[in-house]
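Participant: Sequence first, predicted coordinates after that:
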Amino acid sequence: MVGRWYFCDVVKPLWGALAKRIGEIKTLMGLTVLQAFGMCLPIWFDGALGLYGNAAILGLTFVGMVSMTLTLFKNINPAYSNLLIALATLAYALGQFLGPLVTVALAGKDGNFNAGLLVAAIGLMIGFVLLVWFRRQSPKTAKLV
């Protein structure tokens, strides 16, 4: 457990530095695409390479995605940032609950989780499209771009 928190402390400054250089939204967009790529690694590479690659990419990107999302929420509307964070937490919790149920249903009798991984990657790419749309629609976040 100590190693996991140390890992988070090491990668968080990396994403912060990138966000200062190119903006939070662009950083979040890149992290989203990278995480979708990581979701597909076990589909493309059987065995340890796909699984460890997936775990490494998800571990590297998760803290950055959370940090960038919280920053965006705080900058969108500071008066309602707590509500936005609460709604995001609720959405995350629902995903944590429903995701395994959907994945097991998709795996079926043969136990192949590729369909569940693909659904997760598609969900991330839908999130990417929404970020692109948000970036174009929101003049308030122009300084974050």
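Facilitator: Ah, there it is. On a predicted model such as this, the values are computed, not experimentally measured, just so you know.
Participant: avg pLDDT for the host helix or strand of Val132?
Facilitator: Under the criterion of DSSP states H and E, Val132 resides in helix 114-137. Across helix 114-137, pLDDT averages out at 93.
Participant: so the top helix by length along the chain versus helix 114-137, what angle?
Facilitator: With secondary structure taken from DSSP state H, the chain has its longest helix at helix 48-76. Counting by axes from the mean of the first three to the mean of the last three Cα atoms, to 10 degrees, helix 48-76 points 30 degrees away from the direction of helix 114-137.
Participant: Which parts of helix 48-76 count as buried, going by neighbours?
Facilitator: By neighbour count on 16 or more other Cβ atoms under 10 Å, the buried set for helix 48-76 is 50, 53-54, 57-58, 60-61, 63-69, 71-73, 75. Placement of C-beta: from N, CA and C, glycine included.
Participant: Return the distance of that helix from the chain's centre.
Facilitator: Distance, stretch centre to chain centre, for helix 48-76: 5 Å (Cα atoms, centre = their mean, to the nearest Å).
Participant: Likewise for stretch 18-35?
Facilitator: Worked out by Cα atoms, centre = their mean, stretch 18-35 lies 11 Å from the chain centre.
Participant: returning to that earlier point: alpha carbons of the helix holding Val132, as CSV, please.
Facilitator: Extracted in CSV, the C-alpha atoms of helix 114-137 (Å, rounded to 0.1, in the frame of the first residue of the first chain):
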residue,chain,number,x,y,z
ASN,A,114,-12.5,-8.3,-24.0
ALA,A,115,-16.0,-7.0,-24.6
GLY,A,116,-16.0,-5.4,-21.2
LEU,A,117,-12.6,-3.8,-21.9
LEU,A,118,-13.8,-2.5,-25.2
VAL,A,119,-17.0,-1.0,-23.6
ALA,A,120,-14.7,0.8,-21.1
ALA,A,121,-12.5,2.1,-23.9
ILE,A,122,-15.6,3.3,-25.8
GLY,A,123,-16.8,5.0,-22.7
LEU,A,124,-13.5,6.8,-22.3
MET,A,125,-13.6,7.9,-26.0
ILE,A,126,-17.1,9.2,-25.5
GLY,A,127,-15.7,11.2,-22.5
PHE,A,128,-13.0,12.5,-24.9
VAL,A,129,-15.6,13.7,-27.4
LEU,A,130,-17.4,15.4,-24.6
LEU,A,131,-14.2,17.1,-23.5
VAL,A,132,-13.6,18.3,-27.1
TRP,A,133,-17.2,19.7,-27.1
PHE,A,134,-16.7,21.3,-23.7
ARG,A,135,-13.5,22.9,-24.8
ARG,A,136,-15.1,24.5,-27.8
GLN,A,137,-18.3,25.6,-26.0
